[in-house]
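Student: 3D, please:
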Amino acid sequence: MDFLLLSLFSFLVGIIVGLTGIGGASLITPMLIFIFQVPPAVAVSSDIVAATLMKVVGSMKHWQQQTLDLRVVKSLAMGSVPGSLFGVWILHFIQQSGEYNLNDIMLHLLGMTILFVTVLALLQMLLLTLFPKLQLPELPKFDLETNCGRLQTISIGALLGCIVGLTSVSSGSLFALVLITFFRLDVRKLVGTDISHAAILLLFTSLGHLTLGTVKWSLVLPIWLGSVPGVLLGAKICQIAPQKPLRFIMYSILMMVSLKLVY
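Tutor: Reported below is the predicted structural model:
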C-alpha cells in the first residue's frame, strides 16, 4: 500500500466532498476497493473510522457557531446509534457463521446503497432543474413536541443507522434528505445538524467495526492526512464554483461505480 498515493487520492476526494457535499464514504470506499485492491469488509470498516474524525471536527465547529438543532440531533441519534450497532451485529453474525463470504455480501450491499442514494439525488436534481415550478405533495413534518413525532424520528433514524452500520454509506446524504423533508430546517442549521448527528453515529459505529477486526490503521491514517485538508480547500473553492454541473458529473460517476460494485 502506497501511503503517499492514498493520501493524495484522499485529498482529491476531500476536495470533492467540500466542493459538492457528496458523502466521502460513497467515494473513498469504492476507491479503496478498485484502486488499492482492499477487501470490501476492510474498506468499509476503515472508511467508517477515517470518516469519524472529519465529522467530529466539523460538528465541534458548528457547535461553537450554534448552527445546529440539538434536539433533532439527539432524537435521530436515539434511533440511529442502536440501528447502526444492529447493522454491525449482522456483520458479526455473517462473519462468525462462516456460511457466507463477508466480502461478497459487503460488495453488493455497498453497491446497492450507493446506487439507491445516487438515483434519489439525481431524480431530485432533475426535477428541480427541468420543472422548477413543480409542486410535489408535501410530506408530514415531524413534531418533536409529541410522542408520535419522536417515535417517527427514532424509527427512521434506526432504519438509516442500520444501513450505515452495514455499508458506511449515507451517514450524511440520506439523513440530510430526512432533515430537509421531515424537519424543514433552516439552511444555516441543516448542514450543522447533519454533520453533528453523523459525528455521533459514526463514533459508535466505528467502535462496533473495531470489534470486527477489519479496521486497518495503515489505511485510516493516510485517509485522515489527505481528506481533512482536502475538505477545507474544497469548502473554500465551493464559494465560486458552479454547483449543478459538478454535482451532475459526480452523480454520474457514482452511478457507474455502484453498478460495477453490484455486478
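Student: which regions of the stretch 51-200 of the chain lie under the pLDDT threshold?
Tutor: 134, 136-138, 170-172, 187-188 (pLDDT under 70).
Student: Is the residue of the chain most remote from its centre in a helix, a strand, or coil?
Tutor: Distance from the C-alpha centroid of the chain, by CA atoms, centre = their mean, peaks at residue 133 (29.8 Å). Of the three states, residue 133 takes coil under DSSP: H, G, I helix; E, B strand; the rest coil.
Student: separation between it and residue 180?
Tutor: Distance, residue 133 to residue 180, using CB to CB, to the nearest Å: 19 Å. For every residue, glycine as well, the C-beta is placed using N, CA and C.
Student: now swap in residue 196 and tell me
Tutor: In terms of CB to CB, residue 196 sits 16 Å off from residue 180.
Student: quick one, which of the two is more surrounded?
Tutor: residue 196 (28 against 14; other CB atoms under 10 Å).
Student: how close does that one get to residue 58?
Tutor: Counting by CB to CB - residue 196 and residue 58 are separated by 8 Å.
Student: do residue 183 as well
Tutor: 19 Å.
Student: Would you mind naming the helix or strand containing residue 145?
Tutor: Using DSSP states H and E, residue 145 sits within no helix or strand.
Student: tell me the phi and psi of it?
Tutor: In terms of degrees, to the nearest 10, the main-chain angles of residue 145 are phi -80, psi -20.
Student: show me what contacts it?
Tutor: If a contact means CB atoms under 8 Å, 6 or more residues apart in numbering, then residue 145 has no contacts.
Student: just the one 5 residues further on next, same as before
Tutor: Residues counted as contacts of residue 150 (CB under 8 Å, 6+ apart) are 75, 144.
Student: That one: what secondary structure?
Tutor: Once three-state DSSP is applied, residue 150 turns out helix.
Student: Renumber starting at 754 from here on
Tutor: Right, with 754 as the first residue, what we last looked at is residue 903.
Student: could you measure it against residue 947, distance?
Tutor: 19 Å.
Student: what number of residues lie near the closest residue to residue 983 other than its chain neighbours?
Tutor: Nearest residue to residue 983 in three dimensions, chain neighbours excluded: residue 767, at 2.2 Å (CB to CB, 6 or more residues apart in numbering). A count of nearby residues for residue 767, using other CB under 10 Å, gives 26.
Student: I'd guessed residue 767 sits against residue 988; true?
Tutor: No - between residue 767 and residue 988 there is no contact under CB atoms under 8 Å: 9.6 Å.
Student: Tell me the helices and strands packed up against the strand or helix carrying residue 780.
Tutor: Using DSSP H and E, residue 780 maps to helix 778-787. Here helix 778-787 touches helix 756-773, helix 793-818, helix 855-883, helix 970-990, helix 996-1015, going by 3 or more CB pairs under 8 Å, 6 or more residues apart in numbering; DSSP states H and E.
Student: Show residues contacting it.
Tutor: In contact with helix 778-787 (CB under 8 Å, 6+ apart) are residues 762-763, 766, 769-770, 791-793, 795-797, 799-801, 803-804, 860, 863, 867, 870-871, 920-924, 926, 972, 976, 980, 1007, 1010, 1013-1014.
Student: Taking helix 970-990 as reference, get the angle to it.
Tutor: 140 degrees (axes from the mean of the first three to the mean of the last three CA atoms, to 10 degrees).
Student: buried ones in helix 778-787?
Tutor: 778, 779, 780, 781, 782, 783, 784, 785, 786 (16 or more other CB atoms under 10 Å).
Student: just the CA coordinates of it, formatted as CSV?
Tutor: Extracted C-alpha coordinates of helix 778-787, given in CSV (Å, rounded to 0.1, in the frame of the first residue of the first chain):
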residue,chain,number,x,y,z
ALA,A,778,-17.8,7.1,2.0
SER,A,779,-19.5,6.9,-1.4
LEU,A,780,-16.2,7.8,-3.0
ILE,A,781,-13.4,6.6,-0.6
THR,A,782,-14.8,3.0,0.0
PRO,A,783,-15.0,2.2,-3.8
MET,A,784,-11.6,3.9,-4.3
LEU,A,785,-10.0,1.5,-1.7
ILE,A,786,-11.7,-1.5,-3.3
PHE,A,787,-11.0,-0.7,-7.0
